[in-house]
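[1] after the sequence you'll find the predicted model.
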Amino acid sequence: MSNTGEQILQTEYSEVMQKSYIDYAMSVIVARALPDVRDGLKPVQRRTLYDMYELGIRYDRPYRKSARIVGDTMGKYHPHGDSSIYGALVVMAQDFKYGMPLVDGHGNFGSIEGDGAAAMRYTEARLQKITQEAYLGDLDKNVVDFVPNFDATEKEPSVLPVKIPNILVNGAEGIAVGMATSIPPHNLGEVIDGVIAYMKDPDITTEEMMEIIPGPDFPTGGIVINKDELKDIYETGTGKIRLRGKVEIEKVKGGKERIVISEIPYTMIGANIGKFLNDVYSLVETKKTTDIVDISNQSSKEGIRIVIELKKGADAENICNLLYKKTRLEDTFGVNMLAVADGRPETMGIVSIIRHNVQFQYELATRKYTTLLNKEREKQEIQEGLIKACDVIDLIIEILRGSKNIKQAKACLVEGKTEGIKFKSRLSQKTASMLHFTERQAQAILEMRLYKLIGLEIEALIKEHDETLKNIAFYEKVLGSRAAMAKVLMQEMKALKKEFATPRKTVIENGKAAVYEEKKPEAIPVVLLMDRFGYVKSIDQATYERNREAADAENRQVIFCMSDDRLCLFTDIGQMHQVKMDDVPFGKFRDKGIPVDNICNYSSSMESIVTILPLSEMKEKKMIFVTAFSMVKRVDGSEFDVSKRTTAATKLGEGDRLIFAGVAQEEDTFVMQTKKNYFLRIAASDIPEKKKGAIGVRGMKLILGDSLEAAWVLNHDTNPVVTVNEKEVALNRLRIGGRDTKGVKR
């Protein structure tokens with residue numbers, strides 16, 4: 001215990017962290033990132049719109065600087081960064097993001113292609129008409145609760161009195177802590193019809209609702225292609241909507257065709273349009289297609305227009321399918337209809353969202369008509385007092401002239417007190433003592449002007465009183481009957497639909513799966529080059545011929561093959577790794593290439609390449625394998641035509657390694673050389689044929705401490721010469737001996 005009476009409480013650090021994190025998470029979830037299911041707005045959006053309403057920036061008044069709106073919102077209601085407020089303002093003004101923009105922006109508010117908005121000091125804004133009428137219209141009728149702002153110097157609405165399910169019309173997206181929301185926008189007219197249908201039948205099913213609201217309506221249009229999956233999405237509130245852009249095929253001169261994209265998927269807006277163009281360029285560069293000649297973005301204020309020019313005779317439908325499969329022309333929109341309902345986050349289906357909204361509409365209407373009824377009753381009270389006063393106006397004038405002050409006159413009007421007031425006669429005094437106006441009526445009489453005594457004014461007062469009585473009867477009827485209230489709400493929503501609804505932009509259908517029939521490019525002769533660092537690339541033969549000297553000098557492997565071939569890499573540990581030539585970058589002579597490790601299972605740290613051979617060269621021939629311990633065998637080349645990327649090429653004894661693998665014909669001869677310079681030349685046919693999994697037979701007798709160092713296959717086209725002890729040895733002049741002999745010393 002300290003001297004000041006304070007007490008130190010010891011708490012587990014983990015408990016403090018847990019509580020703090022939960023408090024932070026709930027703050028982000030409820031007060032920042034997720035929209036309220038009632039008005040479909042996040043706090044920053046709600047505060048910005050309310051501030052514009054407070055500043056009087058209506059749809060029929062001049063625009064005001066965005067900086068003024070942002071500064072006022074930040075100072076009064078939203079004490080966070082100005083960028084978050086301006087960002088919310090900008091998005092609410094973008095017709096390509098919002099199904100029904102809430103802000104009327106003037107100036108550069110960004111573009112569908114991802115260009116950012118101008119700084120807030122340059123742009124101006126005001127409320128849209130629908131925002132003013134359907135989102136903020138009843139704020140003066142005590143329909144929602146007002147709560148203190150962050151420093152308790154202002155009041156702000158806890159929710160806006162929105163008359164439509166804004167959360168469906170404009171959708172929502174936000175990332176909270178441990179959860180995220182992603183709700184697609186819908187068509188205003190369809191959503192209003194859906195709300196009316198729910199009011200008529202609260203037991204409506206998702207399937208019945210989807211006859212009215214068939215699916216999302218994105219401001220960018222496009223096509224939803226998984227119609228059958230939407231029911232489950234709208235039932236559970238989660239799922240994936242598959243979207244495609246709208247594509248048209250146009251005929252052009254010369255019998256050619258071109259693909260024109262006039263609508264894009266909603267997910268492509270922004271920087272993804274540029275990414276789409278780059279993806280199409282990549283398809284051409286990587287030779288996935290050779291039918292695309294050019295692509296241009298001809299989009300303007302009138303709309304999207306991306307044109308892809310095709311070769312003559314190209315299959316346009318097939319190219320469209322390629323674009324669907326390989327680019328974002330077909331994309332998915334992840335749906336997670338999560339919103340704050342009754343103060344807590346909840347994932348809801350479409351009927352549940354509309355149920356919450358309708359319940360909110362009834363609450364708003366109840367408070368609105370209760371407020372209006374009370375005002376009309378006050379008016380009724382005053383009107384009845386004034387009408388009654390007109391009948392005894394001479395007496396009232398006599399009371400006013402005889403009173404010493406207003407208090408005395410008012411006491412007479414309300415309570416009939418006549419003490420201290422001079423009257424012309426006893427009858428007047430007796431009549432005055434019988435007056436019993438209410439406080440409000442007495443105040444209105446005292447404030448009444450003389451011109452109100454004109455006959456026409458009295459008639460107008462009586463007429464106004466009749467109108468007030470009608471209003472009171474109507475308001476009482478609405479408040480006394482749920483059906484009557486529903487009828488009024490339906491009429492209001494039908495009026496909003498008539499004025500603000502727009503035709504549907506997004507088509508909903510069951511699209512066929514995109515099947516692209518890939519045309520195999522025509523195989524051409526190429527040369528594979530591998531440098532001393534293990535980087536590989538391929539070039540065409542003409543390029544190789546022009547740079548033959550440099551290519552041979554700078555590369556340790558130069559392999560002639562076809563562009564559709566497979567290469568077999570044989571390594572010293574007896575493994576064979578396959579490389580598809582499609583995976584080897586094709587380009588210019590000075591291109592760097594890529595490490596061979598990246599396109600096969602070869603590991604330069606574990607093994608060394610003995611030789612590289614095209615599979616096409618091996619298939620119809622026999623392969624000879626030789627190890628350092630002089631084990632040899634022949635294997636049919638077709639055994640290496642396998643689907644596996646790596647397979648065992650030969651079996652090795654303990655401590656042995658492969659030193660040679662090559663192709664040999666029956667009539668060829670074969671030469672082996674040891675480290676101690678023993679040479680043995682034998683007929684290739686003397687080497688027995690084995691399976692690739694066999695260890696082989698001894699090819700040459702080795703003296704103690706000796707091992708094979710090199711081997712060659714000789715035919716009539718080859719005449720290799722080896723230098724030994726500064727003397728040249730012509731291998732094709734060596735005498736042919738028998739297998740498993742010692743050979744000759746050189």
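    Okay, I see it.
[2] going forward, measure contacts and count neighbours with C-alpha atoms only.
    Will do.
[3] separation between the residue nearest to residue 194 when sequence neighbours are not counted and residue 205?
    With sequence-adjacent residues excluded and distances taken as C-alpha to C-alpha, 6 or more residues apart in numbering, residue 194 is closest to residue 212, at 5.9 Å. Separation of residue 212 from residue 205 (C-alpha to C-alpha, to the nearest Å): 11 Å.
[4] ok, the two, which is more surrounded?
    Counted by other C-alpha atoms under 10 Å, residue 212 and residue 205 do not tie: residue 212 has more neighbours, with 16 against 13.
[5] give me every residue that touches the more buried one.
    190-191, 193-194 (C-alpha atoms under 8 Å, 6 or more residues apart in numbering).
[6] and the pLDDT for the residue nearest to residue 194?
    Residue 212 is assigned a pLDDT of 96 by the prediction.
[7] next: residue 400.
    With respect to pLDDT, residue 400 has a value of 86.
[8] next, give phi and psi for residue 567.
    Main-chain dihedrals, residue 567, degrees, to the nearest 10: phi -100, psi 140.
[9] might one say that it is in contact with residue 614?
    Yes: using C-alpha atoms under 8 Å, residue 567 is in contact with residue 614, at 4.4 Å.
[10] so residue 259 belongs to a strand, correct?
    Yes: assessed with DSSP: H, G, I helix; E, B strand; the rest coil, residue 259 lies in a strand.
[11] okay, and the beta partners of it?
    residue 249, residue 308 (DSSP bridges).
[12] okay but it is in contact with residue 314, surely?
    No: the criterion here is C-alpha under 8 Å, and residue 259 misses it with residue 314 at 11.0 Å.
[13] helices along the stretch 401-550 of the chain, start to end?
    Remark: helices assigned in the stretch 401-550 of the chain by DSSP state H, counting those that start in this stretch are 406-415, 426-432, 439-447, 455-480, 482-500, 541-546, 548-554.
[14] my bad, the stretch 551-700 of the chain
    For the stretch 551-700 of the chain, applying DSSP H, counting those that start in this stretch gives helices covering 615-618.
[15] for the residue nearest to residue 194, grab phi and psi.
    Torsion angles, degrees, to the nearest 10, at residue 212: phi -100, psi -50.
[16] with residue 729 instead?
    phi -120, psi 120.
[17] what's near enough to touch the nearest residue to it once chain neighbours are set aside?
    Residue nearest to residue 729 in three dimensions, not counting chain neighbours: residue 722, with 5.1 Å by C-alpha to C-alpha, 6+ apart. Neighbour list for residue 722: 728-731 [criterion: C-alpha under 8 Å, 6+ apart].
[18] restricted to buried residues, select these in ChimeraX.
    Buried residues among the contacts of residue 722 (16 or more other C-alpha atoms under 10 Å), as a ChimeraX selection:
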select :729,731
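[19] give me the subset of the contacts of residue 722 that lies in strands.
    728-730 (DSSP state E).
[20] hmm, back to that, looking at the helices of the stretch 401-550 of the chain, which is buried most?
    Among the helices of the stretch 401-550 of the chain, ranked by average contacts under mean count of other C-alpha atoms under 10 Å, first place goes to helix 406-415 (a mean of 19).
[21] re the thing from before, just among the contacts of residue 212, which is most surrounded?
    residue 190 leads the contacts of residue 212 on contacts (other C-alpha under 10 Å) with 25 neighbours.
[22] pretty sure that one is in a strand, no?
    No: applying three-state DSSP, one finds residue 190 to be helix, outside a strand.
[23] now it, nearest residue through space, not along the chain?
    In space, residue 190 is closest to residue 213, 5.4 Å off (C-alpha to C-alpha, 6+ apart).
[24] and residue 259 and residue 314? which has more neighbours close in?
    residue 259 (21 against 15).
[25] how about that one, what does it touch?
    247-250, 307-310, 316, 320.
[26] swap the cut-off to 6 Å and go again
    248-249, 307-308 (C-alpha atoms under 6 Å, 6 or more residues apart in numbering).
[27] same question, residue 343
    With C-alpha under 6 Å, 6+ apart, residue 343 has no contacts at all.
[28] please identify which helix or strand holds residue 339.
    Assessed by DSSP states H and E, residue 339 sits inside strand 338-341.
[29] looking at that strand now, give me its mean pLDDT.
    92.
[30] pull the residues that contact whichever helix or strand comes after that strand.
    Downstream of strand 338-341, the next assigned helix or strand under DSSP H and E is strand 344-347. Residues from elsewhere that reach strand 344-347 (C-alpha under 6 Å, 6+ apart): 337-339.
[31] ok, strand 344-347: who's next to it in the sheet?
    Strand pairing (DSSP bridges) places strand 344-347 next to strand 338-341 (antiparallel).
[32] so how far is the partner strand from its chain's centroid?
    Its chain's C-alpha centre and that of strand 338-341 lie 20 Å apart, by C-alpha atoms, centre = their mean, to the nearest Å.
[33] just stretch 582-593 next, same as before
    35 Å.
[34] understood, closing this out.
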